[in-house]
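1. Pasting the sequence and the predicted model now:
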Amino acid sequence: MLHRIFIAINLPEDIKSKLLSFQKKWPTLPCRGVKKENLHITLIFLGNLDDNQLFETINTSKEVAKRHKPFLVKLEKICFGPPKKFPPRMVWVKGALNQGLANLQKDLEDSIFKLSTYKYKTKGARPFSPHITLARIKVWEFRRLEDKPEIDEEIDLTFEVNSFEIMESFLKRSGAEYEILESLPLGNN
């Protein structure tokens, strides 16, 4: 059986609530807001994994989690994403790339893609850019807008990361639904 897997940092409830309040800020923007329970920072999208790859990914991720201590993530800006893409595809919350976050993401990526079961998979080509998808833009409708809103708002939200999760994604007509398969605490030696 194949599992659509990614590794993510889930957000504290208070941060999710604050971010959701921004979804109402641009009423003319043709978009679909991301559900509160789906707000997260993706560390690595792994795609379809078989049972053996998933088992090895979870075990390797447990080892990576032990090597890293909790750290803070700062959310700095709400803007269109990805950068330099027009028309934009999403409304993003951009996070600052700090050393703790960068080290965790790189260690996960390096450790997982070294696994023998990954010999036919390749790492993503784009550099890691911490962000949260706040809304998905309906591109066709966005193109037809005469007065396109500009989204470029500074914010200042910070939270502590104490764990990361192995997540499975299920694509449904109503949008993606995510299930936490494993929550891995940081620095749990």
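-> Now that the structure is in, tell me what you want to look at.
2. Residue 46: which element?
-> For residue 46, the element it lies in under DSSP states H and E is strand 40-49.
3. Tell me the buried residues in that strand?
-> 40, 41, 42, 43, 44, 46, 49 (16 or more other Cβ atoms under 10 Å). All C-beta atoms are positioned from the backbone trio N, CA, C, and that covers glycine.
4. Of those, which is the nearest to residue 140?
-> The closest of the buried residues of strand 40-49 to residue 140 turns out to be residue 42 (Cβ to Cβ; 25.4 Å).
5. so what's the closest one up against?
-> Shown in contact with residue 42 (Cβ atoms under 8 Å, 6 or more residues apart in numbering): 6, 7, 8.
6. is it true that the last one touches residue 45?
-> In this case it means residue 8. No - with the criterion set as Cβ atoms under 8 Å, residue 8 and residue 45 do not qualify as a contacting pair; they are 9.1 Å apart.
7. any shared contact partners between the two?
-> If you check residue 8 and residue 45 against Cβ under 8 Å, 6+ apart, no residue is contacted by both.
8. returning to what we had before: note down every partner strand of the strand holding residue 46 and its orientation.
-> Strands adjacent to strand 40-49 in the sheet, as given by DSSP bridges, are strand 3-10 (antiparallel).
9. for the partner strand, the distance to its chain's centre please.
-> 8 Å (Cα atoms, centre = their mean, to the nearest Å).
10. worst-scoring helix or strand of this protein, pLDDT-wise?
-> Confidence across the helices and strands of the chain bottoms out at helix 139-144, with a mean of 86, counting by mean pLDDT, DSSP states H and E.
11. Let me have the contacts of residue 42 in CSV, adding pLDDT as columns.
-> What follows is the contacts of residue 42, written out as CSV (pLDDT from 0 to 100):
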residue, pLDDT
6, 96
7, 97
8, 97
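12. Now residue 187: closest residue in space that isn't a chain neighbour?
-> residue 69 (4.5 Å; Cβ to Cβ, 6 or more residues apart in numbering).
13. Look at the one you found and say how many residues are nearby.
-> Residue 69 has 11 neighbouring residues, counting by other Cβ atoms under 10 Å.
14. pLDDT at it, what is it?
-> Predicted confidence (pLDDT) at residue 69: the value is 96.
15. Brilliant, that's me finished.
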